[in-house]
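Trainee: Only the shape, not the letters, is given here:
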């Protein structure tokens, strides 16, 4: 058994700021989290020793939003739509390759 409970743990910022301030939720973050969660299940990638997709509160990178981070590597991504999420799933979660075009610098 691996020492990590999950191979990958994905956190989506789903924070909603007040008064129209920039935030990830303004970019459909919850819908994209739900999309990834369902797709990961459909592909048989969900669960112990594999992939877990979660919502997170503010990840303090709203100006770059929407954002998600994948641990244990600590790779930060931005995304626009489900095709970007599909690419992250296929390349990073299935094949272990970072999607450089969507990667945010730390």
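Mentor: Everything's here; your move. Everything numeric in this text was worked out from a predicted model, so none of it was measured.
Trainee: For residue 82, see how far away residue 12 is.
Mentor: Distance, residue 12 to residue 82, using C-beta to C-beta, to the nearest Å: 13 Å. Every residue, glycine included, has its C-beta placed from N, CA and C.
Trainee: which one of the two has more residues nearby?
Mentor: residue 12 (26 against 15; other C-beta atoms under 10 Å).
Trainee: Show me what the host helix or strand of the more buried one is packed against.
Mentor: Using DSSP states H and E, the element containing residue 12 is strand 8-13. Here strand 8-13 touches helix 29-42, strand 51-56, strand 67-71, going by 3 or more C-beta pairs under 8 Å, 6 or more residues apart in numbering; DSSP states H and E.
Trainee: most packed of these?
Mentor: Comparing the helices and strands packed on strand 8-13 by mean neighbour count (mean count of other C-beta atoms under 10 Å), strand 67-71 ranks first with a mean of 20.
Trainee: will you turn the helices and strands packed on strand 8-13 into CSV that also has distance to residue 7 and mean pLDDT?
Mentor: Converted to CSV, the helices and strands packed on strand 8-13 look like this (distance: least, C-beta to C-beta, whole Å; pLDDT from 0 to 100):
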stretch, distance to residue 7, mean pLDDT
helix 29-42, 11, 95
strand 51-56, 6, 95
strand 67-71, 10, 96
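Trainee: mind checking which of these is nearest residue 96?
Mentor: Proximity to residue 96 (C-beta to C-beta) singles out strand 67-71 among those, at 10.8 Å.
Trainee: List the contacts of the following helix or strand past the closest one.
Mentor: The helix or strand immediately downstream of strand 67-71 is strand 75-78, counting by DSSP H and E. Here strand 75-78 makes contact (C-beta atoms under 8 Å, 6 or more residues apart in numbering) with 61, 64-70, 84, 88, 92, 98-99, 102-106.
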